[in-house]
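Colleague: below are the sequence and a predicted model for it; my questions follow.
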Amino acid sequence: MTQTLERGRLDAEHCYRAVASRDPRFDGWFVTAVHSTGIYCRPSCPARTPLQRNVSFHTTAASAQSAGFRACRRCRPDAVPGSPEWDVRADVVARAMRLIADGEVERAGVGGLASRLGYSERQLHRLLTAELGVGPLALARAQRAQTARLLIETTRLPMADVAFAAGFASIRQFNETVQSVFATTPSALRPATPRSDGGTPGWLTLRLAARAPFAADEVLLFLGAHATPGLEEWDGTTFSRVLDLPHGPAVVRLSPSPDGGAAVTARLRLTELRDLGVAVTRCRRLLDLDADPAAVDAVLGADPALAALVAGAPGRRVPTAPDADELAVRAVRSE
């Protein structure tokens, strides 16, 4: 896939082949905009494969939305793992994407984001637009829409709480964004029985998707074995820890998905709901959920010394820490 997506430039032929084969390994790397229907889908969408002349490809959902396409309600392209490009690259675009996912635009605006990166707002907008087709505001808007949908479908929170938890400045902005991105109202997105923990007071239960294969029990076992007393706990199944979020501390409990799929169940208790998006991003980083296991296994499996280990446990991840500061402290302590 690294040849297909080289610094944001998509190879249409390779992308279409992934779409035609409905290959889930490419979910999150790009989205497919179908001009005949006006929607964008993940590569593995089960719908009938569109004709090649009727599609275009975008590196981000924000780019597809900016071009006037709405999210497919069948394959839910906003619910897939993110692109691993932003985790492995160290250039300004990747750093910007990580900060946007962490809620920097909501907290400090585009000016604050640019300042963190050492660029002017104009320079940053030019760099992001050149590679991704949209600027930081559109990328942050797409992030808010994804967080809103996650809350609508998995919790019983009132819509007003969903709007502000997702980072919207007003109910009107929330309604307009959901209508534009998903071509429906927020109420219509909510299932009759939300996938939640039954309304446990103060807790939110979410499903964090990963690319298959994914051995959630191994990842959580590793974190549990290295738990820091007073900060983290491990009971043999669930890994719990405190998160330091922008508007107050939070507690998260992570356990393997009960359906056995490539996912982790996260139960969160937040000081303020508006930290939800940041909490999800940091949990994904902690568990390395956006990694591309097929690419990792191909590289490691080519080493004779590692081939047997890779074959015996495909899809292993590299658990880290919720943020860079904590990771640096842990690295020093381990020396």
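Modeller: That came through, no problem.

Colleague: which stretches in the stretch 101-250 of the chain count as helices?
Modeller: 104-117, 121-132, 136-154, 159-165, 171-182, 186-189, 216-225 (DSSP state H, counting those that start in this stretch).

Colleague: can you lay out these as CSV showing mean pLDDT, distance to Leu245 and mean neighbour count?
Modeller: (Each C-beta comes from the backbone N, C-alpha and C, glycine too.) Output for the helices of the stretch 101-250 of the chain, formatted as CSV (pLDDT from 0 to 100; distance: least, CB to CB, whole Å; neighbours: other CB atoms under 10 Å):
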stretch, mean pLDDT, distance to Leu245, mean neighbour count
helix 104-117, 92, 11, 18
helix 121-132, 92, 24, 17
helix 136-154, 88, 14, 22
helix 159-165, 90, 12, 19
helix 171-182, 92, 21, 17
helix 186-189, 90, 24, 15
helix 216-225, 92, 19, 17
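
Colleague: residue contacts, the nearest residue to Leu243 once chain neighbours are set aside?
Modeller: Using CB to CB, 6 or more residues apart in numbering and skipping residues adjacent in sequence, the residue nearest Leu243 is Ala250, 4.5 Å away. Shown in contact with Ala250 (CB atoms under 8 Å, 6 or more residues apart in numbering): 242-243, 268-271, 275, 279.

Colleague: quick one: low-confidence residue ranges for the stretch 1-150 of the chain.
Modeller: Within the stretch 1-150 of the chain, the segments meeting pLDDT under 70 span 1-9, 86-88, 90.

Colleague: shouldn't Ser255 be within a helix?
Modeller: No - under DSSP: H, G, I helix; E, B strand; the rest coil, Ser255 sits outside any helix and is assigned strand.

Colleague: isn't Asp288 up against Ala321?
Modeller: No - counting by CB atoms under 8 Å, Asp288 sits too far from Ala321 to count as a contact (10.8 Å).

Colleague: what about the strands in the stretch 151-300 of the chain?
Modeller: Under the criterion DSSP state E, counting those that start in this stretch, strands of the stretch 151-300 of the chain are mapped to 204-209, 232-234, 239-245, 248-256, 263-270.

Colleague: quick one: closest of those strands to Arg126.
Modeller: Closest of those to Arg126 is strand 239-245, at 31.2 Å (criterion: CB to CB).

Colleague: and the contacts of that closest one?
Modeller: Taking CB under 8 Å, 6+ apart as the rule, strand 239-245 contacts 220, 223-224, 227, 231-234, 249-255, 270-271, 275, 278-279, 282-283, 322-323, 326.

Colleague: residues in contact with Asp102?
Modeller: Contacts of Asp102 by CB under 8 Å, 6+ apart are 278, 281-282.

Colleague: now do the residue nearest the centre of the chain against Asp290, distance only.
Modeller: Centroid-nearest residue in the chain, with CA atoms, centre = their mean: Gly82, separated by 4.3 Å. Shown here: Gly82 relative to Asp290, a distance of 4 Å by CB to CB, to the nearest Å.
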